Every structure is written in C-alpha cells, then in structure tokens.
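Novice: just to be clear, the model below is a prediction. Sequence and coordinates:
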Amino acid sequence: MPIAEASAPIDVPRGLAGVVVTETRLGDVRGREGFYHYRQYSAVELAGSRTFEDVWHLMFEGFLPDADQRAAFTARTTALRHLPEAVRDALPGIARACALSGPLAGLRTALSLLGASVGFRPLYDIDAGRRREDALTAAAAVPTLLTALHRIAQGLDPVEPREDLPYAANYLYMLTGQEPDPARVRAIERYLISTIDHGFNASTFTARVITSTGADLAACLAGAVGALSGPLHGGAPSRALDTLDAIGTPDRIDDWIRERVLAGERIMGFGHPVYRTEDPRSRMLREIAQDFGGPLVDFAVQVEERVEAILAELKPGRELHTNVEFYAGVVMELCGLPREMFTPTFCAARVVGWSANILEQAEDSKIIRPAARYVGPPPPQPVPAPELRTAARAGEGGGPAGE
C-alpha cells in the first residue's frame with residue numbers, strides 16, 4: 001500500500017529510527033528476530049550456498065540465475081572490470097593525494113572520474129536500460145579501483161583484473177598479485193555476499209537521497225562511499241580488531257572492558273541500531289573464523305563472551321551483542337587482508353546493494369526532502385546596521401587624518 005505523504009511536518013525519532021520512508025523489493029532487516037534477507041531469500045543462506053555473481057544477479061534482475069544466465073551475467077560483468085585509460089592514468093595522482101586518508105577517499109574521486117570518462121548522464125534523463133548498464137559498469141569497476149589505489153599507495157604497480165576469476169577471487173588476486181587460496185576465497189566471498197545489502201543503513205539511504213535528485217550514478221555512489229567511511233558505519237572492522245590488540249591477553253579482558261564501559265566509551269564491534277539479538281552476520285562469520293581456528297580466533301571468542309557478560313551486568317536490559325564488524329575483522333585478518341583494506345572490502349560488496357537501491361529509487365521521480373524543526377533564536381529580529389569606522393580610526397596607523 002502506498003505511503004501517504006504528510007501534509008505538515010511531523011516529529012520523528014532521532015536518526016529516523018524505525019521510520020518507514022518508502023517501499024522496497026530488495027530486502028529487509030528484522031532486528032528483533034535476528035534475520036535479514038535479499039528479496040525472498042535469507043542472506044545468510046545465500047552466502048552459504050551461492051556465488052557472489054548469483055546474488056548480484058538476484059539483486060539486479062530479481063531472481064537467481066540458472067547456469068546459462070549465470071555464465072552470461074558473469075561474462076558481462078567481468079568484461080567491465082577494466083578501467084578506461086583516462087582513469088588508469090589518473091590513479092597514481094589520486095593515490096598520492098589520498099595517501100593519508102586511504103583508498104575510500106580516493107574512490108570518491110575515482111568514481112567521479114569514471115562517471116565522467118564513460119559518459120554517465122543524470123539518472124533523471126536516461127531510461128531503465130541505460131541506468132542498469134551504468135550500475136553494472138560502476139559496480140564492476142569498484143574492486144579494480146580500490147585495489148589499484150591501495151597498491152599504488154604502497155609503492156606497488158596495480159594488478160590488472162582477470163576475466164577468468166570469479167568476483168571474490170579476482171578481488172584478492174588484484175590486491176595481492178598472487179593466485180588466491182581457495183579456502184580464503186570462499187571465506188571472503190561469503191563475507192562479501194553477507195554485506196551486499198542491509199536495509200536502509202546510512203550509506204544506502206544516502207545513495208537513495210542523491211538518486212532522488214536525478215543525479216548521475218557516480219554521484220550517488222560517491223555519496224554512499226562518504227557515508228560508509230564513517231567509523232559508526234562501515235569504518236569499524238579494523239577498529240574492532242584494534243580492540244583485541246589493545247586488550248592483548250585473556251587476563252586483561254575484564255579490567256579493560258569495565259574501564260571503558262564505565263567511562264562511557266563505545267566498544268567497537270558490539271551493539272547495532274537495528275538488531276536486538278545476535279547479528280546473523282556475526283554468527284556466520286564466527287563459524288567461518290572457527291573453521292580456520294588458531295589463537296586469534298580463540299581470543300576473539302573469549303573477548304566476545306566476556307564483553308557480552310560485562311555489558312549485561314553494567315547495562316542491564318539492553319541487548320548488546322557482536323555485530324558484523326567484530327568477526328569480519330578476524331576473518332579478513334586470517335585471509336591476509338591489510339587492515340586499511342577492511343572497510344574498502346566491505347565497500348566492494350556494498351556497491352552492489354547501493355546500485356540495486358539506486359536503480360529502484362530511480363523509478364520514483366519524487367525528490368526526498370524532509371524538514372527540520374528550527375530551534376534557534378526567534379525570528380524575525382532587526383538586522384543590525386553595519387558598524388561605521390570613525391574618522392579617527394580610519395587614520396590609525398598613519399599620519400593625522402587628511403594629511
């Protein structure tokens with residue numbers, strides 16, 4: 001049923017928590033159940049049994065592909081991994097300029113350049129077929145851009161994409177320059193699938209707001225990347241792993257956590273604005289990590305157990321569990337990804353979800369334009385006359401006025 005437009009401003013919760021702003025066919029997050037889905041399928045089940053290309057096809061086309069459809073879609077998207085010459089030539093300068101900020105900062109610039117180079121036009125001015133082609137072009141190019149920017153910043157040459165490798169394997173290959181280990185490829189692929197979409201999170205909503213203006217696809221994605229870069233959104237996987245490093249040993253867990261909780265600090269990797277039970281992505285990633293095993297995994301499990309116990313003691317009545325970032329950092333560390341590439345790897349998956357949301361939002365010509373409640377000094381007040389300089393002050397610093 002269509003959502004009625006408000007005829008007058010209404011007050012809503014801070015951060016728009018729980019406010020329904022539109023309808024979507026792409027999926028949903030049911031936080032109280034600890035469940036989320038892409039279209040009609042459990043996202044976690046898809047991550048366990050399908051390929052990244054299958055789920056990309058599902059998000060764009062609305063259904064899971066058969067073997068022939070998968071082959072055709074894969075051939076189409078792998079051909080789009082290669083960058084235009086103008087973009088490749090500009091990457092060293094972008095990487096140098098963003099050396100201190102990292103690949104996500106460079107990606108915003110590179111996406112804008114990609115859009116200009118291949119002729120992205122305002123979504124408002126093009127049909128659904130052209131929008132889809134632009135979305136495929138941008139999404140396929142993002143892993144190439146991210147890995148190239150990272151390698152250049154490390155003083156290494158970019159690695160050209162390979163069309164014979166699936167999405168996740170090609171991503172790891174471009175990042176390291178080496179044939180990736182199949183177990184690590186599958187672990188990263190499951191992580192990528194599980195983070196393609198997640199309701200109207202901050203970056204997805206940002207992409208849809210920009211889309212509602214009719215802007216081109218590169219502009220929509222650049223805005224989404226900016227939102228993702230924030231530590232309260234996608235910037236937490238490496239910070240969660242930094243927490244493990246700061247604690248160091250099991251005997252320090254309780255004191256370290258208590259000190260920070262009592263000081264009002266946030267424990268990165270715990271708590272979620274939607275889930276009121278265990279994050280299903282965290283549960284899946286914990287299982288992946290435990291399949292690898294080792295001291296890091298054992299320590300992470302210990303920290304998780306103690307943090308949840310201490311939070312339950314000090315913040316009774318609140319459901320605070322690990323979120324996707326906690327074990328995502330552990331899995332990416334085990335797979336050999338550098339920490340500065342944790343959030344960019346998240347971005348390499350989420351770009352598919354953003355693009356699907358952009359395509360859906362572009363079907364609606366209504367601009368997203370909420371209101372704010374003004375709480376400043378009461379208007380209107382008289383505008384003060386400008387202060388005039390006196391003759392004496394005008395002559396300060398020189399001889400007598402008029403000489």
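Specialist: Looks like it came in fine. Numbers count the residues shown, from 1 in each chain.
Novice: any idea how far the residue nearest to the spatial centre of the chain is from residue 98?
Specialist: Nearest residue to the geometric centre of the chain (C-alpha atoms, centre = their mean): residue 228, 3.8 Å. Distance, residue 228 to residue 98, using C-beta to C-beta, to the nearest Å: 15 Å. (C-beta placed from N, C-alpha, C; glycine too.)
Novice: what does residue 12 give?
Specialist: Plainly put, residue 12 is 36 Å away from residue 98 if you go by C-beta to C-beta.
Novice: what about the two, which has more around it?
Specialist: Set side by side, residue 12 and residue 98 show more neighbours around residue 98, with 20 against 13, by other C-beta atoms under 10 Å.
Novice: phi, psi for that one please.
Specialist: For residue 98, the backbone dihedrals (degrees, to the nearest 10) come out as phi -110, psi 20.
Novice: and it, what does it touch?
Specialist: With contacts defined as C-beta atoms under 8 Å, 6 or more residues apart in numbering, the neighbours of residue 98 are 105-106, 109, 149, 153.
Novice: rerun at 6 Å
Specialist: When contacts are counted by C-beta atoms under 6 Å, 6 or more residues apart in numbering, residue 98 touches 105-106.
Novice: tell me how far it lies from residue 161.
Specialist: Note on residue 98: its distance to residue 161, by C-beta to C-beta, is 21 Å.
Novice: quick one: contacts for the closest residue to residue 186 other than its chain neighbours?
Specialist: In space, and not counting its chain neighbours, residue 186 is closest to residue 168: 7.7 Å by C-beta to C-beta, 6 or more residues apart in numbering. Going by C-beta under 6 Å, 6+ apart, residue 168 touches 52, 185, 188-189, 192.
Novice: of those - the most surrounded one?
Specialist: residue 188 leads the contacts of residue 168 on contacts (other C-beta under 10 Å) with 27 neighbours.
Novice: where in the stretch 251-400 of the chain is pLDDT low?
Specialist: Within the stretch 251-400 of the chain, the segments meeting pLDDT under 70 span 269, 271-276, 317, 319-320, 390-400.
Novice: and the helices in it?
Specialist: For the stretch 251-400 of the chain, the helices defined by DSSP state H, counting those that start in this stretch occupy 253-262, 280-292, 295-314, 324-334, 342-361, 391-394.
Novice: residue 70: which of these is closest?
Specialist: Nearest of those to residue 70, taken as C-beta to C-beta: helix 342-361 at 15.2 Å.
Novice: next, the angle from the closest one to helix 324-334.
Specialist: 130 degrees (axes from the mean of the first three to the mean of the last three C-alpha atoms, to 10 degrees).
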